[in-house]
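Colleague: need a structure here:
(one chain, ligands or ions: 2)
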Amino acid sequence: MQKKAAVIGLGLIGGSIALAIKQEHPGVYITGTDVDEAQTKLAVSLNVIDEAAPGLQEAVKEADLIVLATPVATTENLLVQLAGMSLKSGAIVTDVGSTKTSICEQAEVLSGKQVHFIGGHPMAGSHKSGVHAARVRLFENAYYVLVPNGPGSSEKVGEIKEWLQGTQAKFIELSYEQHDMLTGVISHFPHIVASALVHQVKGMEDEQAWVTKLAAGGFRDITRIASASPEMWTDILLKNNDVMRQLMEDWKQQMSAIEQMLVLQDKQQIYQFFEHAKSYRDGLPAKKQGAIPAIYDLFVDVPDHPGVISDVTGILGRSGISIINIRILETREDIMGVLQLTFRTENDRRAGMQQLEKHDYESYIG
Ligand SMILES: NC(=O)c1ccc[n+]([C@@H]2O[C@H](COP(=O)([O-])OP(=O)(O)OC[C@H]3O[C@@H](n4cnc5c(N)ncnc54)[C@H](O)[C@@H]3O)[C@@H](O)[C@H]2O)c1
Ligand SMILES: O=C(O)C(=O)C[C@]1(C(=O)O)C=C[C@@H](O)C=C1
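Modeller: Numbers count the residues shown, from 1 in each chain. Ligands and ions are numbered 1, 2, ... in the order given. Take a look at the predicted model:
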């Protein structure tokens, strides 16, 4: 009999999961629903799902797998709604939320039903929202945390990995407390810092109009994530509240220590502050994709003539090699010198390099 999956919330993550399920299991029939009708329609047009269901009950009633891909507070409400609905016996219910404790606790409402809840969190994403940004390879090589919760769910871990194999993610199991502590440090708290830096610049703009014009690469890099969905991040901070407050205390102490170094003009301490951070960060596993995504950059020397960007991207496109970012590095004002291409995997980067070489473009890894 044909297997069925239901995806609730057809945004960036729900859409990407649906695409990954379809890629690995083309025979699976995927229904989906979203409170935003435009997202649902787009999901059908883009073949992300097979059918739009008119509502939650219709989407889930025959599903063997139910994926809740909504903001975390909404996911909790959906679990309560599912508890009152007719679900297929033996079905797996999972979510993709960035926090796990409150969701896994709430999932206990399903304990009277013949279904198994396994919390999930694919540790990759983007500051973009919406199904148009969904990609089948979004989670490739990323860690995907699973939190089996409730009676019998541990035995279903193999099954959910099979369902989600198309993500090509690396599955790990954590407890929900451990998950929230770890993601608090490496994902949630950095989001507060990025947004606070943006507020700092905004607060200066009226008096210092040049500030936004001068904000260059460094500011853009460290604040990229501040462009993410405010709804999603409000929920995350509220749901991982204890961890956030604890980290805020650590941060304040860290800032006070740096302030003290500045007051004392302590050159050695300041140097060590930067040096220790650099050597630790440089030692992080950037080649293997983890919570900190690997960056597979390739630098291509390009002559300064019209059409060169489309030539380079065309060579890659015709060879089926995707790039996830492109940046023009201007060594002299108004003269293009180097294209910085970012690939998702090392294999793509190597293949890209070979293709470009065939067309006489010199490229190198930074
Ligand atoms: N964006 C990331 O980088 C990332 C990465 C991993 C996990 N997550 C988690 O994934 C979840 C979804 O995030 P996203 O980035 O896909 O957001 P998104 O905004 O792209 O998608 C969320 C979708 O859920 C829909 N929705 C809201 N309430 C709903 C309801 N009651 N019923 C049906 N649909 C509803 C919204 O209309 C929206 O289309 C969040 O819990 C987030 O914490 C996000
Ligand atoms: O790359 C980004 O834009 C992200 O913010 C992705 C990111 C992260 O912090 O790493 C954000 C939240 C998710 O729960 C998982 C991944």
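Colleague: Could you use CA atoms for every contact and neighbour count after this?
Modeller: Noted.
Colleague: Would you mind listing the buried residues in stretch 343-360?
Modeller: Neighbour-count burial for stretch 343-360 flags 343-345, 348-349, 352-356 (criterion: 16 or more other CA atoms under 10 Å).
Colleague: For ligand 2, what's its nearest residue on the stretch 201-350 of the chain.
Modeller: At 5.1 Å from ligand 2, Ile225 is the closest residue in the stretch 201-350 of the chain, using CA to the nearest ligand atom.
Colleague: give the contact list for that residue.
Modeller: 126-127, 191, 194-195 (CA atoms under 8 Å, 6 or more residues apart in numbering).
Colleague: and the residue of the stretch 151-300 of the chain nearest ligand 2?
Modeller: Ser187 (3.8 Å).
Colleague: Quick one: neighbours of Ser86, just the number.
Modeller: Ser86: 13 surrounding residues under other CA atoms under 10 Å.
Colleague: Does it lie in a helix or a strand, and which?
Modeller: For Ser86, there is no enclosing helix or strand under DSSP states H and E.
Colleague: same thing with Arg245?
Modeller: Using DSSP H and E, Arg245 falls in helix 241-264.
Colleague: mind showing which ranges of the stretch 201-350 of the chain have poor pLDDT?
Modeller: For the stretch 201-350 of the chain, the stretches flagged by pLDDT under 70 are 286-294, 330-337.
Colleague: where exactly do the helices run in it?
Modeller: 210-214, 217-223, 230-239, 241-264, 267-282, 308-318, 346-358 (DSSP state H, counting those that start in this stretch).
Colleague: of the buried residues of stretch 343-360, closest to Ser229?
Modeller: Ranked by distance to Ser229 (CA to CA), the buried residues of stretch 343-360 are led by Arg344 at 22.8 Å.
Colleague: which residues touch that closest one?
Modeller: 294-296, 322-324.
Colleague: coming back round to it: tell me the one of the contacts of Ile225 nearest Glu177?
Modeller: Once CA to CA is applied, the member of the contacts of Ile225 that ends up nearest Glu177 is His191, at 19.6 Å.
Colleague: Can you give me the neighbour number for the closest one?
Modeller: A total of 22 residues lie near His191 under the criterion other CA under 10 Å.
Colleague: how about it, secondary structure?
Modeller: helix (DSSP: H, G, I helix; E, B strand; the rest coil).
Colleague: Repeat that for Arg135.
Modeller: Assignment for Arg135 (three-state DSSP): coil.
Colleague: Now it. Nearest residue, chain neighbours left out?
Modeller: Excluding the flanking residues, the one nearest Arg135 by CA to CA, 6 or more residues apart in numbering is Ser16, at 5.0 Å.
Colleague: which residue of the chain sits farthest from its center?
Modeller: Farthest-out residue of the chain from its mean C-alpha position, per CA atoms, centre = their mean: Leu264, at 40.6 Å.
Colleague: Residues of the chain that sit close to ligand 1?
Modeller: Proximity of the chain to ligand 1 (CA under 6 Å from any ligand atom) is limited to residues 8-14, 33-36, 39, 69-72, 74, 96-98, 121-127, 129-130, 232.
Colleague: Need the buried ones from the residues you listed selected in PyMOL.
Modeller: Burial among the residues of the chain next to ligand 1 is assessed by 16+ other CA under 10 Å; the matching PyMOL selection reads:
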select buried, resi 8+9+10+11+12+13+14+33+34+39+69+70+71+72+74+96+97+98+121+122+123+124+125+129+130+232
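Colleague: Helices - which of the residues of the chain next to ligand 1 land there?
Modeller: 12-14, 39, 72, 74, 232 (DSSP state H).
Colleague: So Glu205 is in contact with Thr212, correct?
Modeller: Yes - using CA atoms under 8 Å as the test, Glu205 is close enough to Thr212 to be in contact (7.1 Å).
Colleague: which residue packs closest to the residue nearest the centre of the chain, ignoring adjacent ones?
Modeller: For the chain, Gly125 is the residue whose C-alpha lies nearest the centre (CA atoms, centre = their mean; 1.3 Å). Leaving aside its sequence neighbours, Gly125 sits nearest to Leu138 (CA to CA, 6+ apart; 6.7 Å).
Colleague: Pull the contacting residues for that neighbour.
Modeller: Applying CA under 8 Å, 6+ apart, the residues near Leu138 are 16, 124-125, 167.
Colleague: Also Ala53?
Modeller: 31-33, 59.
Colleague: Columns pLDDT on top of those residues, output as CSV?
Modeller: Shown next, in CSV, are these (pLDDT from 0 to 100):
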residue, pLDDT
Thr31, 98
Gly32, 98
Thr33, 98
Ala59, 97
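Colleague: And the buried ones among these, selectable in PyMOL?
Modeller: One line in PyMOL is enough to select the buried ones among the contacts of Ala53; burial here means 16+ other CA under 10 Å:
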select buried, resi 31+32+33+59
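Colleague: Pick the one among the contacts of Ala53 closest to ligand 1.
Modeller: Thr33 (5.7 Å).
Colleague: was I right about that closest one contacting Ile8?
Modeller: Yes - Thr33 is within contact range of Ile8, at 5.2 Å (criterion: CA under 8 Å).
Colleague: list residues touching both of these two?
Modeller: 56, 59.
Colleague: and the stretch 101-250 of the chain, which residues reach ligand 2?
Modeller: So far as CA under 6 Å from any ligand atom goes, the stretch 101-250 of the chain lies against ligand 2 at 123-127, 187, 225.
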